[in-house]
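Asks: this one's structure only:
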Ligand SMILES: NC(=O)c1ccc[n+]([C@@H]2O[C@H](COP(=O)([O-])OP(=O)(O)OC[C@H]3O[C@@H](n4cnc5c(N)ncnc54)[C@H](O)[C@@H]3O)[C@@H](O)[C@H]2O)c1
Ligand SMILES: CCCCC[C@H](O)/C=C/C=C\C/C=C\C/C=C\CCCC(=O)O
């Protein structure tokens with residue numbers, strides 16, 4: 001798709017990978033509604049980006065990415081402000097092996113609600129133009145990940161859900177090109193969860209040990225690389241729709257391309 005002039009919503013855009021998504025989109029002259037549950041940091045990030053890329057290019061709105069009403073109002077605000085909506089990204093997720101219900105609720109719930117509302121607003125079956133939806137899953141979604149089986153399973157469900165919605169039976173109805181981005185461990189605030197014994201659970205010691213090795217070898221994924229992957233997937237959306245873009249190093253691999261013509 002052509003990104004110059006396109007309109008996007010990034011839910012969870014105030015920090016880390018989501019912030020990198022916003023910057024990468026703005027670099028390509030895409031307009032961005034940066035949505036986040038944190039008002040203060042969201043506004044700060046949006047203002048910083050506005051001073052760099054233009055005040056008409058980016059704005060902030062408070063949004064809980066697991067709340068259907070918030071997601072709907074956020075998407076509608078972007079459409080009303082800029083007269084169109086092309087790209088919907090939801091980046092929300094948690095890791096808490098001690099609280100499986102909340103992990104499932106948030107990680108799968110945010111995916112299901114985002115797809116539902118995106119289809120409602122952009123779906124060809126609802127008179128919309130179609131568009132693109134991207135969800136952040138995790139590299140832990142495509143292989144068993146014993147360090148955190150609950151998180152890993154919740155993210156696998158996100159990938160599987162998107163693949164199912166990209167089957168020709170669904171795509172022919174809604175016309176929205178959907179994909180997931182699956183980064184390996186990325187240098188953001190999210191990984192501080194590794195210090196929380198309750199949230200990591202029985203693999204706490206092992207996780208600490210592996211993280212120490214990551215630190216020693218500086219082998220993190222950088223948020224900028226994830227932003228670069230987003231742009232690559234958006235610019236090649238016809239070909240990559242339905243795939244999971246997995247980033248275990250700077251070079252992505254694509255999994256699960258649906259069979260048949262989309
Ligand atoms: N950092 C990693 O190693 C890594 C790897 C793979 C996938 N992920 C996924 O990326 C996401 C976390 O992103 P990050 O690593 O950039 O972390 P981060 O903490 O830097 O950023 C997360 C952003 O999401 C916002 N947010 C959290 N809950 C929200 C909600 N309910 N509604 C709206 N906004 C909300 C936060 O305020 C924050 O701005 C999760 O989905 C996680 O599963 C992270
Ligand atoms: C290989 C999958 C990595 C998935 C990352 C996941 O989405 C986010 C994790 C956030 C915090 C991780 C806390 C502890 C994990 C410790 C080490 C992981 C080492 C993984 C690797 O070998 O690359």
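Replies: Right, received. Where do you want to start? Quick caveat: nothing in here was measured; it's all calculated off a predicted structure. Ligands and ions are numbered 1, 2, ... in the order given.
Asks: from here on, contacts and neighbour counts on C-alpha atoms
Replies: OK.
Asks: please enumerate the strands of the chain.
Replies: Secondary structure of the chain (DSSP state E): strands at 7-11, 31-36, 58-62, 87-90, 131-136, 176-183, 244-247, 253-255.
Asks: now do stretch 219-228, average pLDDT.
Replies: Averaged across stretch 219-228, the pLDDT comes to 96.
Asks: give me the distance from that stretch to the chain's centre.
Replies: Computed by Cα atoms, centre = their mean, to the nearest Å, the chain-centroid distance of stretch 219-228 equals 14 Å.
Asks: now do it: everything it contacts.
Replies: For stretch 219-228, contacts defined as Cα atoms under 8 Å, 6 or more residues apart in numbering pick out 16-17, 20-24, 181, 183-188, 214, 247-250.
Asks: max-length helix in the chain?
Replies: If you go by DSSP state H, the chain has its longest helix at helix 100-122.
Asks: what comes up buried for it?
Replies: The neighbour-count check on helix 100-122 (16 or more other Cα atoms under 10 Å) flags 103-115, 117-122 as buried.
Asks: can I have the buried ones of the contacts of stretch 219-228 as a PyMOL selection?
Replies: A single PyMOL command selects the buried members of those (16+ other Cα under 10 Å):
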select buried, resi 16+17+20+21+22+23+24+181+183+184+185+186+187+247+248+250
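Asks: how about stretch 193-208: buried residues?
Replies: By neighbour count on 16+ other Cα under 10 Å, the buried set for stretch 193-208 is 194, 197, 199, 200, 201, 204, 207.
Asks: quick check: end-to-end length of stretch 127-146?
Replies: Using Cα to Cα, to the nearest Å, one end of stretch 127-146 lies 44 Å from the other.
Asks: inside helices: which ones of the contacts of stretch 219-228?
Replies: Among the contacts of stretch 219-228, the ones falling in helices (DSSP H) are 16, 17, 20, 21, 22, 23, 24, 214.
Asks: with pLDDT added, can I get those residues in JSON lines?
Replies: Listed next are the ones in helices among the contacts of stretch 219-228 as JSON lines, based on pLDDT from 0 to 100:
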{"residue": "16", "pLDDT": "98"}
{"residue": "17", "pLDDT": "98"}
{"residue": "20", "pLDDT": "98"}
{"residue": "21", "pLDDT": "98"}
{"residue": "22", "pLDDT": "99"}
{"residue": "23", "pLDDT": "98"}
{"residue": "24", "pLDDT": "98"}
{"residue": "214", "pLDDT": "92"}
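Asks: near ligand 1, anything from stretch 192-199?
Replies: No: remark: stretch 192-199 sits outside contact range of ligand 1, by Cα under 6 Å from any ligand atom, the gap being at least 8.7 Å.
Asks: and if you look at stretch 205-224?
Replies: No: figure legend: stretch 205-224 not in contact with ligand 1 (Cα under 6 Å from any ligand atom); closest approach 7.3 Å.
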